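A.B. asks: quick one: sequence and predicted model below, then my questions.
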Amino acid sequence: MQPLIDNARTFGQRPEEFAQLAHGQSPQVLFITCSDSRVVPALITGARPGELFELRTAGNIVPPYGSDRCYGEAATIEYAVEVLGVQDIVVCGHSHCGAVGALVRGDDLEAVPAVRDWLAHAADEPGEVDAADPAVAAAVQNHVLAQLLRLRSYPCVEKRLANDQLRLRGWYYEVHTGAVREHSTDTDVFEAL
């Protein structure tokens, strides 16, 4: 923890870099990804403060619209789309995802009931996948596509998509290589950016 504290102490010693942020934010992208500490959206994209609006959930799950007790996620999506006017939403899954792995393997999650209940919000099963693959690559990619479909059920997203004011993108990040792939609707494959 001490290195993090040391950095935080010196971080605010460059006020000229941050003064403009007091005037508001205008990110172009809502970046939905996993809470996993190995996934760092600003590091992956090179974004500076104010350039990404982030929603981080265990397993980058987008809960169904109108779900009980999922108000924070829905509010974040709605705010990004309706108030900030983001032009893109990226759902970024990652290799070695514990949440997707637990779903694929059918892990017993009785000892962690909040995790179990959250994972119940995952869209359909990740399809035919190799449960022995530690990266759970195919399962994560299927899961990303399911979350993109789920996003389409949000009224604000549906409206902006219909008016060609919003794009949905599915990304897959390999934590062990740093490679990022994007789903191509033409080939239905995750391809290198």
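C.D. replies: That came in fine, so what should we check first?

A.B. asks: which regions of this structure lie under the pLDDT threshold?
C.D. replies: Within the chain, the segments meeting pLDDT under 70 span 70, 123-131.

A.B. asks: hmm, try it at 80
C.D. replies: Counting by pLDDT under 80, the ranges of the chain that qualify are 4, 7-9, 11-17, 67-70, 123-134.

A.B. asks: which parts of it are helices?
C.D. replies: With DSSP state H as the criterion, the chain has helices at 2-11, 41-45, 71-78, 98-105, 113-119, 137-151, 155-162.

A.B. asks: elements contacting the fourth one?
C.D. replies: Here helix 98-105 is seen to pack against helix 113-119, helix 137-151 when contacts are counted using 3 or more CB pairs under 8 Å, 6 or more residues apart in numbering; DSSP states H and E. For the C-beta atoms, the positions are set from N, CA and C on the backbone; glycine is no exception.

A.B. asks: export these to a markdown table and tack on mean neighbour count?
C.D. replies: Formatted as a markdown table, these follow (neighbours: other CB atoms under 10 Å):
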| stretch | mean neighbour count |
| --- | --- |
| helix 113-119 | 14 |
| helix 137-151 | 22 |
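
A.B. asks: and residue 94, which of those is closest to it?
C.D. replies: Taking CB to CB, helix 137-151 is the member of the helices and strands packed on helix 98-105 nearest to residue 94, at 6.6 Å.

A.B. asks: quick one: contacts of the closest one?
C.D. replies: Here helix 137-151 makes contact (CB atoms under 8 Å, 6 or more residues apart in numbering) with 32, 59-65, 77, 89, 91-95, 97, 100-101, 103-104, 122-124, 126-130, 133, 157, 168, 170-172, 183, 190.

A.B. asks: next one: stretch 48-55
C.D. replies: 18, 21, 25-33, 41-42, 45, 73, 76-77, 79-80, 84, 86.

A.B. asks: please repeat the previous calculation with a cut-off of 6 Å.
C.D. replies: 21, 25, 27, 29, 30, 31, 32, 41, 76, 80 (CB atoms under 6 Å, 6 or more residues apart in numbering).

A.B. asks: if we can go back for a sec, can you redo the helices of the chain as TSV with distance to residue 51?
C.D. replies: As requested, those are arranged in TSV below (distance: least, CB to CB, whole Å):
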stretch	distance to residue 51
helix 2-11	17
helix 41-45	8
helix 71-78	16
helix 98-105	26
helix 113-119	28
helix 137-151	20
helix 155-162	20
